[in-house]
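Peer 1: Turn this into a structure:
(chains A, B, C and D)
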Protein chains: 2
Amino acid sequence: MRVRRTAEEARERILDAAEARLRRGGPEAIRLQEIAADAGISHPTILHHFESRDGLTRELAKRIGRKLGEEILEAIARSPATEASAVEMIEHVFSTLRDTGTARLLAWRELSFESADGGAETREILDGIAGILHERRVAHAKEQRLRPPPREDSWFIVRLATAATLGDALSTEAFGATGAERRSADLRFRRWFGRLLHEHIERS
Amino acid sequence: MRVRRTAEEARERILDAAEARLRRGGPEAIRLQEIAADAGISHPTILHHFESRDGLTRELAKRIGRKLGEEILEAIARSPATEASAVEMIEHVFSTLRDTGTARLLAWRELSFESADGGAETREILDGIAGILHERRVAHAKEQRLRPPPREDSWFIVRLATAATLGDALSTEAFGATGAERRSADLRFRRWFGRLLHEHIERS
DNA sequence: TGGTCCATTTACAGTATTGTCGGTAGGAGG
DNA sequence: CCTCCTACCGACAATACTGTAAATGGACCA
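Peer 2: The predicted structure follows:
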């Protein structure tokens, strides 16, 4: 009683299982046998599709990056294009990133592939976001007949938002009680952070 | 020709070696044999002192937390006690944390022991810092006859600084060229962040 | 229907890694 | 000097994990 999938389908399934293990079990949880069990296949099938365990982790890291890009672009597309909402945009982007648990995966990626080439891709995405943000701010300044903010300021805003989200998602346990209380504190913190950035931007 | 150390000394040596491996090689680099080789001992000695590999990692995680606490407290002690320097204090604390590479270790710790009890300890440290910051702010407000900021505001400042530092240290690769150019950008970013917090605090 | 492709499996090989055991030796205290 | 404690080691056991080889069968196509 053997299920046969397309190669693409099988690969996705395997990556899904590996990702789930990574979310739950930390950086050492990528074991071929366990992943295979989760995916309902035998472990040599994984090797058939990814060459080696290393191939699997590399592919997984790539996919995490791709998914992140998609999530962010989607969030940008959904956010209204008014000038003041630039902050909201950022906030929304990164709260999405966080709630989906992608932050943990990103951290694993950074930790595991310190000198990998994957960083360039991430950087492009962030450059893109910073560009959009900056354009909006420049347009806003023109309207109000104020002088435009330095480019680096916009870049730093994105950098801060990224770092804060990543860091916050990682160290959540340290920041308060669990359950409902924590959720509401998380929300208040996010809002507080949004306001902080907003005020900074308003001050141009 | 056999070297005999005190148990305490041996444990420290082993933990040092393990920590170094973790810094360089990522989360999967904790191998008893390699660590033993680095420490100039045989691997059963590690097991003798730590029961099991798991015992070693747990102990290492604990020590990382302790060291962090010490570093932070030291930095606090060194920073002047004037009110306005509260931000500087934070900035200094976390730049120290970052430059020593402790941020990477913390990330490993969070990733590996998701539901461990270690979180409480970290939280206590942060609570302490937030307390100090808040006291200073309250005193400052009293002097200026302004109304004191909400406690949660101080707490959130610390939370943001922590998260941002941790996240930034992790994702540094994604943020720009390496070498001298990056260093100066890092410095500017830190300053920028410091000013951002400072302005927020000044606005009470 | 017969044939080909290839995703999948079972069984196995090889190796790396953790953990155990018995014994050895350094050093402190009597 | 003798004795005890225990840090330490070499050799071995057990297991866990990755990777290989050969066979199997599902699906599509002629």
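
Peer 1: burial of the nearest residue to residue A:156 once chain neighbours are set aside, as a residue count?
Peer 2: Leaving aside its chain neighbours, residue A:156 sits nearest to residue B:192 (5.0 Å; criterion: C-beta to C-beta, 6 or more residues apart in numbering or on different chains). Yep, even glycine has a C-beta here, placed from its N, CA and C like the rest. Residue B:192 sits with 17 neighbouring residues when counted by other C-beta atoms under 10 Å in any protein chain shown.

Peer 1: what's near enough to touch residue B:192?
Peer 2: Contact partners of residue B:192, counting by C-beta atoms under 8 Å, 6 or more residues apart in numbering or on different chains, are A:152-153, A:156.

Peer 1: Tell me how many other residues crowd residue A:20.
Peer 2: Neighbour tally, residue A:20, other C-beta under 10 Å: 15.

Peer 1: What of the one 4 residues further on?
Peer 2: Neighbour count for residue A:24, taken as other C-beta under 10 Å: 11.

Peer 1: Model confidence at it, what's the number?
Peer 2: Note on residue A:24: pLDDT of 84.

Peer 1: before we move on, which element is it in?
Peer 2: helix A:7-25 (DSSP states H and E).

Peer 1: Return the list of helices and strands in contact with that helix.
Peer 2: Other elements packing on helix A:7-25 under the criterion 3 or more C-beta pairs under 8 Å, 6 or more residues apart in numbering or on different chains; DSSP states H and E are helix A:32-39, helix A:43-50, helix A:53-78, helix A:102-112.

Peer 1: Against DNA strand C, how distant is the closest residue to residue A:16 other than its chain neighbours?
Peer 2: Nearest non-adjacent residue to residue A:16, counting by C-beta to C-beta, 6+ apart: residue A:39, 7.5 Å away. Using C-beta to the nearest atom of the strand, to the nearest Å, residue A:39 is found at 9 Å from DNA strand C.

Peer 1: Residues of chain A that sit close to DNA strand C?
Peer 2: Contact residues (C-beta under 7 Å from any atom of the strand) of chain A with DNA strand C: A:2-7, A:10, A:40-45, A:48-49.

Peer 1: By neighbours, which of these wins?
Peer 2: Most crowded among the residues of chain A next to DNA strand C, counting by other C-beta under 10 Å, is residue A:41 at 20 neighbours.

Peer 1: Please name the residues that touch it.
Peer 2: Taking C-beta under 8 Å, 6+ apart, one finds A:10, A:13-14 in contact with residue A:41.

Peer 1: how about JSON lines for the residues you listed, with pLDDT added?
Peer 2: Listed next are those as JSON lines, based on pLDDT from 0 to 100:
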{"residue": "A:10", "pLDDT": "97"}
{"residue": "A:13", "pLDDT": "98"}
{"residue": "A:14", "pLDDT": "98"}
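
Peer 1: ok, those vs residue B:24, which is closest?
Peer 2: Comparing the contacts of residue A:41 against residue B:24 with C-beta to C-beta places residue A:14 closest, at 29.6 Å.

Peer 1: Can you give me the neighbour number for that closest one?
Peer 2: Going by other C-beta under 10 Å, the residues that sit close to residue A:14 add up to 23.

Peer 1: ok, the residue nearest to residue A:16 touching residue A:13?
Peer 2: Yes - with contact defined as C-beta atoms under 8 Å, residue A:39 counts as touching residue A:13 (5.1 Å).

Peer 1: So between the two, which is more surrounded?
Peer 2: residue A:39 (20 against 17).

Peer 1: any idea how far the more buried one lies from chain B?
Peer 2: 22 Å (C-beta to the nearest C-beta, to the nearest Å).

Peer 1: Kindly report the same for residue A:47.
Peer 2: Noted for residue A:47: a distance of 18 Å to chain B, by C-beta to the nearest C-beta.
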